[in-house]
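Chemist: Sequence and predicted structure below; questions after.
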Amino acid sequence: AQRVTQPEKLLSVFKGAPVELKCNYSYSGSPELFWYVQYSRQRLQLLLRHISRESIKGFTADLNKGETSFHLKKPFAQEEDSAMYYCALRIQGAQKLVFGQGTRLTINP
Amino acid sequence: EADIYQTPRYLVIGTGKKITLECSQTMGHDKMYWYQQDPGMELHLIHYSYGVNSTEKGDLSSESTVSRIRTEHFPLTLESARPSHTSQYLCASSETGGLSYNEQFFGPGTRLTVL
């Protein structure tokens, strides 16, 4: 069965430090992966997707099929990055998304 | 303005009551989804629809039902609410093709408490 694992429920780093949110997936087909973010009192929204290979708000994520990972990284964390982050997998040929448990990121001043 | 609306935002109701959670979108999207999310946990897909008169059950078994009579409207109904239904319910939509292909847009959610 398809599964997305985010091993850290809570992650706390200092402002200016690098941050990495881990995401591993289990899927036998060709995956399409996303990172969604939910800031305090805001809706869940798309942060980035692997097929775009883009950097959004300084965040990047690279799909590693060998390690079945899609870790989210930012070299210098900012206080406004504090939020809940969800990794999600779209199954090939379907519109459904499978979400991980989420990681609450806190950036300390 | 293109958006996804959910009402009510908060609902506290007694056991055995029938409830309908409303979801409407003015995004022009053909696909819509309902997710259930307990605090601090992942989102679980409970229902989805690829268009009018098309509904499917999601990965998490749910006693709720949905309908899709109009493209923009995707209500979720619980015939007899129970405390185990207490959760947050998120509605989302997406379009086929286009620049936002496969991106799901989420509503603000309905937080349901069944006493």
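Modeler: That came through fine. Numbers count the residues shown, from 1 in each chain, chains lettered A, B, ... in the order given.
Chemist: contacts and neighbour counts: CA atoms only from here.
Modeler: Noted.
Chemist: Give me the neighbour count for residue B:93.
Modeler: Residue B:93 has 29 neighbouring residues, counting by other Cα atoms under 10 Å in any protein chain shown.
Chemist: which non-adjacent residue is nearest it?
Modeler: Nearest non-adjacent residue to residue B:93, counting by Cα to Cα, 6 or more residues apart in numbering or on different chains: residue B:32, 4.2 Å away.
Chemist: The strand or helix carrying the one you found pairs with which strands?
Modeler: Per DSSP states H and E: residue B:32 is located in strand B:31-37. Each strand paired with strand B:31-37, and its direction, by DSSP bridges: strand B:43-51 (antiparallel), strand B:87-94 (antiparallel).
Chemist: Which one of those lies nearest to residue B:2?
Modeler: strand B:87-94 (11.6 Å; Cα to Cα).
Chemist: For the host helix or strand of residue B:55, give the mean pLDDT please.
Modeler: Using DSSP H and E, residue B:55 maps to strand B:54-57. The pLDDT scores in strand B:54-57 average 92.
Chemist: and chain A, which residues reach chain B?
Modeler: Residues of chain A found near chain B (Cα under 8 Å from any Cα of the partner chain) are A:42-46, A:86, A:95-102.
Chemist: Looking at the residues you listed, which is nearest residue B:107?
Modeler: Nearest member of the residues of chain A next to chain B to residue B:107, counting by Cα to Cα, is residue A:43, at 6.6 Å.
Chemist: OK, contacts around the residue nearest to that closest one when sequence neighbours are not counted?
Modeler: Distance criterion Cα to Cα, 6+ apart; nearest residue to residue A:43, sequence neighbours excluded, is residue B:108 at 5.4 Å. With contacts defined as Cα atoms under 8 Å, 6 or more residues apart in numbering or on different chains, residue B:108 is in contact with A:42, A:43, A:44, B:4, B:5, B:6, B:9, B:90, B:91.
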